[in-house]
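Student: attaching a predicted model along with its sequence, questions to come.
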Amino acid sequence: FGHIFAFATPSFPGMAMRLLTRHSSKSASRFWKLSLCTIATLSSPNPTLALLPSSSFPHTTRITTSHSSTNQLHRQMTSTGSTSEEGTTTTTKKGLSPRVLETLDPCVVLMKQLIGQYSHLWQDKGGIFSLAQGVVYWEPPQTCQEALMEEISKPSNLLHTYGPAQGIPELTQALEEKIVQENALTNHDVMVTVGANQAFVNCVLTTLCDDSKAVVFSPYYFNHVMALQMCCGDDSVVVGPSSSEGIPDLEWLEETLKNNSIDMVTIVNPGNPTGVSLPKSFLQQVADLCDKYSAWLVLDCTYEYFTLPEGHQPIATFPDAPHVIHIFSLSKSYSLAGYRCGYLCLHQDAKVSNSSSSSGDDTTTTTSLLSNMLKVQDTLPIAPPRISQIAAYGALKAGKEWVREKYATLDPSRQLILDSLQPLEIMGGSGAMYVMAKLPLQQDGKVVDDVEICRRLVEEYGIAIIPGTYCGFPGWIRVCYANLPLEQCQQAAERLQTGIQKIVLLH
C-alpha cells in the first residue's frame, strides 16, 4: 500500500475493523458511525494532492490523486479489488457510512498537506509559516512538567491503568473548585474529556437523535459541524447568519426556534473562528430563548482567558440554567493541545426525557443528563488517559494569571496581523486568538475563491491560513496570531501582507 489513513477507537480496533465491512443503517448505533475504522489507501507511492469540490458541500474539498478522476478515492475507500484472468481489475463494494461521506473534510489536515506539498520550495527560506491551526507558541507551565516527573518517578504508579470515567479525583476536585471560584458554576458536575472536541461529541450523542436539528452560526467552528454531521447527518445542521462583526442574529434564532423543532444551539465564546467576545447580556438572550423553546445551549468556553485587558472579567456562564452545558479546554490556555484534555460541566438538575409506549399507554420518564452521558464516555475513551490528566492537574497549579501573562505577549502579534490585512474588512480581535478578513469581490461581483487564494499563499508566499469557506463563510480568511513567537510572527505578517497585496488587491 502507498499511504493509509485510519481513524479508530483505541479500545476496540479489531471490532472496528470488522464493522468497517458492514453497511451503515439508520438503526445502527451512532457511536459506531462515529468511530468506525475508516481506511483509505492511495495506490501511488508518492501521490500529488489535488483539492476538488465536494458534492455535498460545494465549498469544501476532497482529497484525490492528480492522476485520477474525482471519485477515485471514494471508490478506493468503498471497494476492494481483485484481478480477473484477463488482467482487469474488478471491485466489490463494501460500504461506507453516508454520514462520514457527507461530513466536511478536515480543513486543518488539508492545510497541513498543502504545507507538506510545498515545503520543499521554502526549505532555504525559513520554511512555511503556519497561521492556520489554532495553537499557542508557548510551552506548558513548569508546574505541569513537575507533576509529570513526580508521577513518573514513583516506584509504582497507576499511569498504565484505567481511571474513573469522569476523571481522576485530584483533577476533578481541582476543576470543581475552579468552576465555582472563577465561573460561579455551583451545583455542577465535571466530566474530563479527551479535549473539548470530545466534550462536544459527548453532548451531541447524548442529547440528539436521528431526526434532531442543531443550530450553529456562520462563521462556525468546523469540528462542531463535522461532529453533528457524523452523528446525526447533514440534515441535522441548521446554519444561522451572523453580522459582519461576528454577532449571531438573534431575530433569526428566535424565528427558527419558534417554527422548527430545534434541540441544540451552539455558541463559542470568545469566538472561533470569529475572534469576537460576546457580552453576557447578549448570551443571556440566547440562553433565555433556548430555555423558552426547550433547546439545549452548548456554550464552548475554550478561550475563557483569551480576552483583551479591558475585558478581563469572567466570561459569561449560567449557573442556574440546567439546559446550558459549559465546555472548557486546557489545550490553548495552558498549551496542552497534544495532551488532549478538556472538560464539560453539567448542572445537577439537568434531565433528559424518555418516551415509551406500552399497551397503548404513552409514558414519559426523566433521567439525569450525567448518567446518560456516562454511557457515551464509557464507550468512547472509557476514561481519559491518566498521564494527560496529571499534566492538566499540574498545569492548573500555575493559575489563570500565568495564562493572562502569556496571552498579553500576543498583543504585538495581533497588531502585526491586523496591519498586514489592511485595507481588508476585519472581523474579530477582541477575544480568542483569531481575526477574519473579507476578501474583495471579483470584477464580476462574485465571491472570490478563498480556497485557491489560500493555496497560492502557501505555495508562492510561504504562509498558511484557513479559508473562510471551511467555516461556512466564503470570501473570507481566518488568521491565527498565536502560533509563533513575535520575531517569526513578524516575518509571517510580512509574507501575508505581500501575498494579500499581490494576489488579492492587485488581482
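Tutor: Thanks, I have the structure now. Residues are numbered from 1 along each chain as shown.
Student: ok, S430 - contacts?
Tutor: For S430, the contact set (CB atoms under 8 Å, 6 or more residues apart in numbering) comprises 270, 275-277, 307-308, 311. Bear in mind the C-beta positions are built from the backbone N, C-alpha and C, glycine included.
Student: scan the helices and strands of this structure for the one with the lowest mean pLDDT.
Tutor: Ranking every helix and strand in the chain by mean pLDDT, DSSP states H and E puts strand 61-65 at the bottom, with a mean of 30.
Student: a markdown table for the contacts of S430, including pLDDT and secondary structure?
Tutor: Listed next are the contacts of S430 as a markdown table, based on pLDDT from 0 to 100; DSSP: H, G, I helix; E, B strand; the rest coil:
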| residue | pLDDT | secondary structure |
| --- | --- | --- |
| P270 | 96 | coil |
| G275 | 96 | coil |
| V276 | 96 | coil |
| S277 | 95 | coil |
| T307 | 92 | strand |
| L308 | 83 | coil |
| G311 | 51 | helix |
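Student: which one of those residues sits closest to I168?
Tutor: Taking CB to CB as the measure, I168 lies nearest P270 of the contacts of S430, at 28.8 Å.
Student: so how far is G127 from the residue nearest to V136 when sequence neighbours are not counted?
Tutor: Spatial nearest neighbour of V136, excluding adjacent residues (CB to CB, 6 or more residues apart in numbering): A482 at 4.7 Å. To G127, A482 is 18 Å away according to CB to CB, to the nearest Å.
Student: just give me the residue right at the centre of the protein.
Tutor: N223 (3.3 Å; CA atoms, centre = their mean).
Student: quick one: contacts for it?
Tutor: 197, 200.
Student: so which strand or helix has it?
Tutor: helix 222-232 (DSSP states H and E).
Student: contacts for the helix or strand just after that helix next, please.
Tutor: Downstream of helix 222-232, the next assigned helix or strand under DSSP H and E is strand 237-240. For strand 237-240, the external contacting residues (CB under 8 Å, 6+ apart) are 213-218, 220, 225, 228-229, 248-249, 252-253, 256, 260, 262, 472.
Student: who are the neighbours in contact with Y407?
Tutor: 305-306.
Student: may I have the helix or strand containing it as PDB, with CA atoms only?
Tutor: Here Y407 is covered by helix 399-408, with elements defined by DSSP H and E. Taking Å, rounded to 0.1, in the frame of the first residue of the first chain, the C-alpha atoms of helix 399-408 are listed here in PDB:
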ATOM      1  CA  GLY A 399      -3.300  29.500  37.700                       C
ATOM      2  CA  LYS A 400      -5.100  31.900  35.400                       C
ATOM      3  CA  GLU A 401      -2.700  34.700  36.000                       C
ATOM      4  CA  TRP A 402       0.000  32.700  34.300                       C
ATOM      5  CA  VAL A 403      -2.300  32.300  31.300                       C
ATOM      6  CA  ARG A 404      -3.100  36.000  31.300                       C
ATOM      7  CA  GLU A 405       0.600  36.900  31.200                       C
ATOM      8  CA  LYS A 406       1.200  34.600  28.300                       C
ATOM      9  CA  TYR A 407      -1.800  35.900  26.400                       C
ATOM     10  CA  ALA A 408      -0.600  39.500  26.900                       C
END
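Student: chain center to that helix, what's the gap?
Tutor: Taking CA atoms, centre = their mean, to the nearest Å, one finds helix 399-408 lying 23 Å from the centre of the chain it belongs to.
Student: show me which positions of the very next helix or strand once past that helix end up buried.
Tutor: Sequence order places helix 411-420 as the next helix or strand after helix 399-408, per DSSP H and E. Within helix 411-420, the residues that count as buried by 16 or more other CB atoms under 10 Å are 413-414, 416-418, 420.
Student: what would those residues look like in a markdown table with distance to L299 and pLDDT?
Tutor: Output for the buried residues of helix 411-420, formatted as a markdown table (distance: CB to CB, whole Å; pLDDT from 0 to 100):
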| residue | distance to L299 | pLDDT |
| --- | --- | --- |
| S413 | 27 | 97 |
| R414 | 24 | 97 |
| L416 | 31 | 98 |
| I417 | 27 | 98 |
| L418 | 27 | 97 |
| S420 | 32 | 97 |
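Student: so which of these is the closest to D449?
Tutor: Distance to D449 across those (CB to CB) is lowest for S420, with 20.7 Å.
Student: what's the distance between the closest one and F306?
Tutor: Taken as CB to CB, the span from S420 to F306 is 20 Å.
Student: and P219, helix, strand or coil?
Tutor: For P219, the assignment made with DSSP: H, G, I helix; E, B strand; the rest coil gives coil.
Student: quick check: F282 vs T274, distance?
Tutor: 13 Å.
Student: so which of these two has more stuff around it?
Tutor: The residue with more neighbours, out of F282 and T274, is T274; 32 against 15, by other CB atoms under 10 Å.
Student: next, the more buried one: secondary structure please.
Tutor: Looking at T274 with three-state DSSP, the answer is coil.
Student: pretty sure it contacts P248?
Tutor: No. Counting by CB atoms under 8 Å, T274 does not reach P248; the two are 9.6 Å apart.
Student: shared neighbours of those two, anything?
Tutor: Common neighbours of T274 and P248 (CB under 8 Å, 6+ apart) are S242.
Student: and I179, that one's in a strand?
Tutor: No. Counting by three-state DSSP, I179 is located in no strand; its state is helix.
Student: mind listing what's buried in stretch 456-469?
Tutor: 457-458, 461-469.
Student: quick one: residues contacting A492.
Tutor: 129, 131, 463, 484.
Student: now the third one: how far from F129?
Tutor: In other words, I463. Distance of I463 to F129, given as CB to CB: 5 Å.
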